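> The sequence and its predicted three-dimensional model are supplied below.
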Amino acid sequence: MSKKIAVIGGSGVYDLFEDGETVSIKTPYGKVENISKITNKETEAYFLPRHGPSHSVPPHLINYRANIYALHTLEVEDIYATNAVGSINQKIHPGEFVVPDQLIDMTKNRILTFFDGDTEIVFEDGTSKQGVVHLDYTEPYTSRLRKRFLSLANESSKKFHDKGVLVCTEGPRFETPAEIKMFQSFGGTLVGMTSVPEAILAKEVQIAYATLCLVTNYGAGMQEEVTHAEVIELFNKKIQVVKSIMQKIIEGN
Ligand code: HPA
């Protein structure tokens, strides 16, 4: 049986499968209509652009529960995500890649769990959970998937960092320089807006999850200003690196 995997694309990654079949999934949280599917020799792969097909959904309004529930319904085992992020570490520069190993949640207004009392989640092995669930979150990003990203990264000449602490903010505004200083003092490496609750929800439904982060800018106060245009421009410049890594993952190489 082929392995079921998914790629969740962030800013700049909207069309990974040119000839994918469109899949629409109904979930208790709403319909997810923009998943595409391709079947390879080794894998059945799904692609989900988290901001919608034309970046119309901002980070704080993404229906994270519907997206992850849809991938759970499709029996996806591994999620390989991508995020555009800012660097808050002087040693990590725009244009470089980071595969983070830790996460700090600084979001303010998002639903962070499937386990809100009534919902029962049935897992692959037939067991289920319901009610009050306190998830072990020692490993927010699955090391097996991080290693997979990094082994493919080593084949390219680009600069990759093999760990980092991603601070997820609420957005959609960028941070203040004072916030960036606070995050640095916490031990943060990167700032982004979409890893929470996506990475948490994946773990709740027992899907392995890791993300390949592209640094598009320095954090506020470390450069003159931060603009969305700059984030998109840098992502477009590096998109081929992200796509070729994802392509190898999708093909099971
Ligand atoms: N802050 C938050 N999210 C981001 C940034 C940033 O500087 N750059 C890209 N995504």
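Yep, it's here.
> give me the number of residues near the residue of the stretch 51-200 of the chain found nearest the ligand?
Going by Cβ to the nearest ligand atom, the ligand is nearest to residue 86 of the stretch 51-200 of the chain, at 2.4 Å. No exception for glycine: its C-beta is placed from N, CA and C like everyone else's. Neighbour count for residue 86, taken as other Cβ atoms under 10 Å: 28.
> same check, this time on residue 231
Other residues near residue 231 come to 22 when the count uses other Cβ under 10 Å.
> check which helix or strand covers it.
For residue 231, the host element (DSSP states H and E) is helix 228-251.
> could you say what helices and strands that helix packs with?
Packed against helix 228-251 by the contact rule (3 or more Cβ pairs under 8 Å, 6 or more residues apart in numbering; DSSP states H and E) you find strand 3-9, strand 43-49, strand 78-87, helix 143-153, strand 208-218.
> and if we set it to 7 Å?
Counting contacts by 3 or more Cβ pairs under 7 Å, 6 or more residues apart in numbering; DSSP states H and E, helix 228-251 is packed against strand 3-9, strand 78-87, helix 143-153, strand 208-218.
> Mind listing what's buried along that helix?
Neighbour counts over helix 228-251 (16 or more other Cβ atoms under 10 Å) mark 231, 234-235, 238-239, 241-243, 245-247, 249-250 as buried.
> Contacts for it next, please.
Applying Cβ atoms under 7 Å, 6 or more residues apart in numbering, the contact partners of helix 228-251 are 5, 7, 11-13, 16, 40, 42-43, 45, 80, 82, 84, 94-95, 148-149, 152-153, 156, 158, 212, 214, 216-217.
> ok, which of those also contact the ligand?
Among those, proximity to the ligand is found for 84, 216-217 (Cβ under 6 Å from any ligand atom).
> Distance-wise, check residue 112 relative to residue 91.
As for residue 112, its distance to residue 91 is 31 Å (criterion: Cβ to Cβ, to the nearest Å).
> what comes into contact with stretch 66-79?
Taking Cβ under 7 Å, 6+ apart as the rule, stretch 66-79 contacts 3-6, 8, 25, 27-30, 32, 35, 46, 48, 50, 124, 145, 198, 201-202, 205, 207-209.
> Same question for stretch 56-65.
With contacts defined as Cβ under 7 Å, 6+ apart, stretch 56-65 is touched by 29-30, 50-51, 109-111, 114, 170-172, 193-194, 197-198, 201.
> Show me what the helix-or-strand element of the chain with minimal mean pLDDT is packed against.
Using mean pLDDT, DSSP states H and E, strand 117-122 stands out as the lowest-scoring helix or strand of the chain, at a mean of 87. With contacts defined as 3+ Cβ pairs under 7 Å, 6+ apart, strand 117-122 has these neighbours: strand 128-131.
> Give the pairing partners of the strand it packs on; include direction for each.
Here strand 128-131 is paired, per DSSP bridges, with strand 117-122 (antiparallel).
> Can I get the partner strand as PDB, trimmed to CA atoms?
Output in PDB follows, covering the C-alpha atoms of strand 117-122 (Å, rounded to 0.1, in the frame of the first residue of the first chain):
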ATOM      1  CA  GLY A 117     -15.500  18.400  25.100                       C
ATOM      2  CA  ASP A 118     -17.700  16.600  22.700                       C
ATOM      3  CA  THR A 119     -15.500  15.800  19.700                       C
ATOM      4  CA  GLU A 120     -14.300  12.300  19.400                       C
ATOM      5  CA  ILE A 121     -11.200  11.700  17.300                       C
ATOM      6  CA  VAL A 122     -10.800   8.100  15.900                       C
END
